[in-house]
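**Student:** My questions concern the predicted model and sequence given below.
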Amino acid sequence: MKIAVLAGDGIGTEIVAEAVKVLKALDLKIEMESALVGGVAFDAHGHPLPPATLALAKASDAVLFGAVGDWKYDKLERQFRPEQAILGLRKELGLFANFRPAICYEELVDASSLKPELIAGLDILIIRELTGDIYFGQPRGRRTAVDGHFPGSEEAFDTMRYSRPEIERIAHVAFDAARKRSKRVTSVDKNNVLETSQLWKDVMVEVAKQYPDVVLDHMLVDNAAMQLVKEPKKFDVVVTGNMFGDILSDEASMLTGSIGMLPSASLNASNQGLYEPSHGSAPDIAGKGIANPLATILSAAMMLRFSLGQAESALRIEAAVKAVLAKGLRTADIYGKGGAGITKVSTLEMGNAVVAALV
Ligand code: IPM
Ligand code: MG
């Protein structure tokens, strides 16, 4: 088993260090190799996804990823911005299926801005298509070169596109996932306006015929955004395109009040995957030792389960995370109002506590 460790920018290095610590404590035979990615890679090598980093990712069974991005790169030409590293990895590795669970931990019910009764027991799985849509269409604007020239800023556009096979394969992923859960899938689109969404919906309906045991319903994306805060527990598996999935997964994660807790997995057709926390690089708190490493640690658990065939070790990590929460340990983001038996801990202390709680 070989994994590429790409910590990236901002809090990336701090949180990935804790996940690596947990993986090492499991005593599995995992070879780990690190490389630069994102803004730090641009600074060192002039590109956010240097060829050596991409080659390492391709040659590994899985990638453990931190986060990329910093405001200081905001003025760069599009192709050199840190975000291009994660988009490049998704495209180059064919990581089309993005799993973003939004789970409300019992101990953290009060961390949400929603009423506890709305979110207690919440367990949603957002499945986001990750290599198509407007993210990978034809862009044109001030920061994208066309034949080596940069067009003026009078007009800019990005094209939204999906092909039938792209929708089919993510539909299968969603229905398969639903079979292991409540057997319900909500497909989210904007078919009242967009042709891509009409194709999306048509293909979902067709593929659903192969899963008679799964109930499929459809929701327009604006309504879905509303229903997510109105009655989030109505949802189980949500499948949607790249752009809508980006937005809805942030919304869903914040329902739980703890984006610092939520892992994600991006898989290709051969179960090679990239695992990263659902949150970003948080440059405002980088280097302070206060970031929550649990999302990254839980991402490492997903990696063990999905790409490395080590489901038992994944369960061990997940149980250890639950145990440290039960003990009252909290990083600043999930500290809430504090109270009796609740202890504020640093990034490092949280990582150590998870290691200590492994049984
Ligand atoms: C995410 C992020 C990325 C995305 C950015 C960093 C390119 O927001 O993983 O959700 O838009 O997909
Ligand atoms: Mg996002």
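**Tutor:** Perfect, I can see it now. Numbers count the residues shown, from 1 in each chain. Ligands and ions are numbered 1, 2, ... in the order given.
**Student:** and the lowest-mean-pLDDT helix or strand in the chain, what other elements does it pack with?
**Tutor:** None of the helices or strands of the chain scores lower by mean pLDDT, DSSP states H and E than strand 139-140, at a mean of 84. Packing partners of strand 139-140 (3 or more CB pairs under 8 Å, 6 or more residues apart in numbering; DSSP states H and E): strand 157-158. In this view, the C-beta of every residue, glycine as well, is placed from N, C-alpha and C.
**Student:** from the chain's centre, how far out does the strand it packs on sit?
**Tutor:** Mean-position distance between strand 157-158 and its chain equals 25 Å (CA atoms, centre = their mean, to the nearest Å).
**Student:** same for it, what does it pack against?
**Tutor:** By 3+ CB pairs under 8 Å, 6+ apart, strand 157-158 packs against strand 139-140.
**Student:** who touches the strand it packs on?
**Tutor:** Arg78, Val146, Pro151, Glu155, Ala156, Phe157, Asp158, Thr159 (CB atoms under 8 Å, 6 or more residues apart in numbering).
**Student:** That strand and ligand 1 in contact?
**Tutor:** No - contact of strand 139-140 with ligand 1 (CB under 6 Å from any ligand atom) is absent, the minimum separation being 13.3 Å.
**Student:** strand partners of that strand, parallel vs antiparallel please.
**Tutor:** Strand pairing for strand 139-140, using DSSP bridges, gives strand 157-158 (antiparallel).
**Student:** dump the residue contacts of the residue of the stretch 251-359 of the chain found nearest ligand 1.
**Tutor:** Closest residue of the stretch 251-359 of the chain to ligand 1, CB to the nearest ligand atom: Gly280 (6.4 Å). By CB under 8 Å, 6+ apart, Gly280 lies in contact with Gly10, Ala67, Gly69.
**Student:** rerun that using 6 Å as the cut-off
**Tutor:** Going by CB atoms under 6 Å, 6 or more residues apart in numbering, Gly280 touches Ala67.
**Student:** what about it, which SS state?
**Tutor:** Under DSSP: H, G, I helix; E, B strand; the rest coil, the three-state class of Gly280 is coil.
**Student:** That one and Leu308: what is the separation?
**Tutor:** As judged by CB to CB, to the nearest Å, Gly280 and Leu308 stand 25 Å apart.
**Student:** now swap in Leu76 and tell me
**Tutor:** Taken as CB to CB, the span from Leu76 to Leu308 is 35 Å.
**Student:** More neighbours: those two, which one.
**Tutor:** Using other CB atoms under 10 Å, the more surrounded residue of Leu76 and Leu308 is Leu308, with 21 against 15.
**Student:** Flag every residue of the stretch 101-250 of the chain that's near ligand 1.
**Tutor:** Residues of the stretch 101-250 of the chain lying near ligand 1 (CB under 6 Å from any ligand atom): Asp246.
**Student:** Need the phi and psi values for the closest residue to ligand 1 within the chain.
**Tutor:** Residue of the chain nearest ligand 1, by CB to the nearest ligand atom: Glu83 (3.9 Å). As for Glu83, its main-chain torsions (degrees, to the nearest 10) stand at phi -60, psi -30.
**Student:** Which residue, other than its chain neighbours, is closest to it?
**Tutor:** Leaving aside its sequence neighbours, Glu83 sits nearest to Gly69 (CB to CB, 6 or more residues apart in numbering; 5.9 Å).
**Student:** Show the residue spans covered by the strands in the stretch 101-250 of the chain.
**Tutor:** 123-129, 139-140, 157-158, 184-189, 215-220, 237-240 (DSSP state E, counting those that start in this stretch).
**Student:** what about the stretch 251-359 of the chain, any weak spots by pLDDT?
**Tutor:** Applying pLDDT under 70 to the stretch 251-359 of the chain flags no residue at all.
**Student:** Please, where are all the strands along it?
**Tutor:** Shown for the stretch 251-359 of the chain, the strands assigned by DSSP E, counting those that start in this stretch span residues 263-267, 273-277, 329-330, 343-344.
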